[in-house]
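Peer 1: Predicted model and sequence follow; I will ask about them next.
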Protein chains: 2
Amino acid sequence: MDPVGFYFDFGSPYGYLASKRIDGIAARHGREVAWHAFLVGAAVKITGSASLFEQPLRGDYTIHDMHRFARLQGVPLKAPATLPAHSLAASRAYYWLFDQDAALAKAFANAVFDAIWGEGRDLSSPEAVAEVAASQGVDAKALLAAISSQPVKDRLREAIEAAMAKGVFGSPYFLVDGEGFWGMDRLDQVERWLETGGW
Amino acid sequence: MDPVGFYFDFGSPYGYLASKRIDGIAARHGREVAWHAFLVGAAVKITGSASLFEQPLRGDYTIHDMHRFARLQGVPLKAPATLPAHSLAASRAYYWLFDQDAALAKAFANAVFDAIWGEGRDLSSPEAVAEVAASQGVDAKALLAAISSQPVKDRLREAIEAAMAKGVFGSPYFLVDGEGFWGMDRLDQVERWLETGGW
């Protein structure tokens, strides 16, 4: 059976919360999960909606909600001082690693999520991303050279275009046998869809 | 104990879906529900975000999602031909009725939701709203006169300002002992908050 598609922006707290649950949900139904880094900013150019954090009222609510959600889920959450958190460098690094070693890329993705949303670290610079990668055994210099190269920039752009061609526009976004679900708060429906094949 | 605040826009399909569940959830925890009509458009002026239906990608997703959600919930859903559905006249009528008879206002609110989202009727005109009200025993002529009068216009505006002063900006929005929850997909957390008093 096809893997469940898990699309996330490293700058999305709900993507972080979902990253803690999606593998377990899929495994209960005998499925793998394909992780795809995504930049919500690319879709925002089309949807026209700014980051939740940049919207009055909604921004404050989101900060309150993400902490409440994390407490309920029993996951540590500490927001970076500057929001939205920029995820371009980490996303490029993700695909560069993925093309060499998918398991390493996933370990890196978890480390990036934990750094940004578990510890509130600022990972907007390539250097900060390289430091996290180094903690996973990645050569920091090679990573810095790679993510400023045109082929790696193109690789991310193409991955985002491919995701958007499948209807992805937010984070987290899940694809189960062609059925799309947007939001951490659709995980219960994702699980039910895996269980029942749809309704 | 204070009633649970339920804020809804008649033009919101998720408000409709929530209206079918919120009273039951509150009742299980010995609570009443105070229903408040709200215009998301008033908050949009501040949040800067357009109706989901007016956003490319998100609009299509929302139409798919609301139908999928309704099927899961076992509630009939038929979308009006023109979206977003305008709710100004119905909201004015709601408060005019509420100030006379809260139970009648609630029956009217349910009838409006069922007409717009259960049957896909266009309730943007005062006349269409009066027709629904008439089916609940309301004098249609009196209603039409009332909702074009300044005091009733002011009544709605003040209700919306009071809601926004409490942090309300979307539909549905729930207030449980001062704790705000945005979205149909937070109903499980609303119930847990009622059960536990918070976490």
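Peer 2: In hand now; what should we look at? Keep in mind it's a predicted model, so treat the numbers as computed, not measured. Numbers count the residues shown, from 1 in each chain, chains lettered A, B, ... in the order given.
Peer 1: Distance from the chain centre to the lowest-mean-pLDDT helix or strand in chain A, please.
Peer 2: Every helix and strand in chain A was compared by mean pLDDT, DSSP states H and E; the lowest is helix A:40-47, with a mean of 78. Remark: helix A:40-47 is offset 15 Å from the chain centroid, using Cα atoms, centre = their mean, to the nearest Å.
Peer 1: Which positions in the helix or strand following that helix come out as buried?
Peer 2: Next helix or strand after helix A:40-47 toward the C-terminus (DSSP states H and E): helix A:58-73. Residues A:58-59, A:61-62, A:65-66, A:68-70 are the ones in helix A:58-73 that count as buried (16 or more other Cβ atoms under 10 Å in any protein chain shown). Where C-beta positions appear, they are placed from N, C-alpha and C, glycine not excepted.
Peer 1: angle of the least confident helix or strand of chain A against helix B:58-73?
Peer 2: 100 degrees (axes from the mean of the first three to the mean of the last three Cα atoms, to 10 degrees).
Peer 1: What residues sit buried inside helix A:40-47?
Peer 2: A:40-44, A:47.
Peer 1: Any idea which residue of chain A lies closest to chain B?
Peer 2: Of all residues in chain A, A:Asp185 sits closest to chain B, at 3.6 Å by Cβ to the nearest Cβ.
Peer 1: So which other helices or strands are in contact with the least confident helix or strand of chain A?
Peer 2: Packing partners of helix A:40-47 (3 or more Cβ pairs under 8 Å, 6 or more residues apart in numbering or on different chains; DSSP states H and E): helix A:150-165.
Peer 1: Up against chain B, what does chain A have?
Peer 2: The interface of chain A toward chain B, taken as Cβ under 8 Å from any Cβ of the partner chain, is made up of A:43, A:46-50, A:55-58, A:60-61, A:64-65, A:68-69, A:71-72, A:164, A:167, A:169-170, A:180-183, A:185-186, A:188-189, A:192, A:199.
Peer 1: Next, please give the residue ranges for the helices of chain A.
Peer 2: Assigned by DSSP state H, the helices in chain A fall at A:13-19, A:22-28, A:40-47, A:58-73, A:88-98, A:102-113, A:126-134, A:140-147, A:150-165, A:187-196.
Peer 1: looking at those, which is buried most?
Peer 2: Of all the helices of chain A, helix A:13-19 carries the top mean neighbour count, a mean of 26, counting by mean count of other Cβ atoms under 10 Å in any protein chain shown.
Peer 1: Quick check: mean pLDDT of that helix?
Peer 2: What helix A:13-19 shows for mean pLDDT is 98.
Peer 1: tell me which strands and helices that helix is in contact with?
Peer 2: Here helix A:13-19 touches strand A:4-8, helix A:58-73, helix A:102-113, going by 3+ Cβ pairs under 8 Å, 6+ apart.
Peer 1: pLDDT (mean, whole number) over the first one?
Peer 2: For strand A:4-8, the mean per-residue pLDDT is 98.
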